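S.K.: sequence below, structure please.
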Amino acid sequence: MHPKFIIAEDPRTGKGFLRMGMVINHKDLVVGYEKVWGGGWWARDDERKTVILYGSSCDFGSADFRHLELIDRELKDYTFIFTPMIDLPGNALDLSDVEWI
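M.R.: Down below sits the predicted model:
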């Protein structure tokens, strides 16, 4: 199992939801028939309150963060950072328009 994420369409709202999980393939995160705007891998550091999103999905390609509108409320106090590769410095994502559900 591997830490992977996708940005998938929430069926109730049509908004892009960050879905993270420990799976074999990115497609294992898909529920039913839903639109997916890419994905990648994640690393969560609870001590530093950061989530690093990196890489891309072989199933869905690179994440399109323009569609990231909903994130699990449990992660509200975390800083989200994107980097193409885990060993490279990343950039903090602007989550000012994100709804925490």
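S.K.: what sits against residue 78?
M.R.: Under the criterion of CB atoms under 8 Å, 6 or more residues apart in numbering, the contact list for residue 78 reads 44, 49-51. For every residue, glycine as well, the C-beta is placed using N, CA and C.
S.K.: repeat that with 10 Å
M.R.: Neighbouring residues of residue 78 by CB atoms under 10 Å, 6 or more residues apart in numbering: 44-46, 48-51, 71-72, 95.
S.K.: could you dump those to CSV with pLDDT and neighbour count?
M.R.: Shown next, in CSV, are the contacts of residue 78 (pLDDT from 0 to 100; neighbours: other CB atoms under 10 Å):
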residue, pLDDT, neighbour count
44, 97, 13
45, 97, 11
46, 97, 8
48, 97, 10
49, 98, 12
50, 97, 15
51, 98, 21
71, 98, 22
72, 96, 13
95, 96, 18
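S.K.: would you map the strands across this protein?
M.R.: Assigned by DSSP state E, the chain shows strands spanning 2-9, 16-23, 36-45, 50-54, 68-71, 79-83, 91-92, 99-100.
S.K.: would you list these in a markdown table and tack on distance to residue 60?
M.R.: Listed next are the strands of the chain as a markdown table, based on distance: least, CB to CB, whole Å:
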| stretch | distance to residue 60 |
| --- | --- |
| strand 2-9 | 6 |
| strand 16-23 | 11 |
| strand 36-45 | 5 |
| strand 50-54 | 14 |
| strand 68-71 | 14 |
| strand 79-83 | 16 |
| strand 91-92 | 21 |
| strand 99-100 | 22 |
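S.K.: per-residue pLDDT, residue 90?
M.R.: Reported pLDDT at residue 90 in the predicted model: 94.
S.K.: can you pull the contacts of the closest residue to it other than its chain neighbours?
M.R.: In space, and not counting its chain neighbours, residue 90 is closest to residue 83: 3.2 Å by CB to CB, 6 or more residues apart in numbering. Contacts for residue 83 (CB under 10 Å, 6+ apart) come out as 40, 52-55, 89-91.
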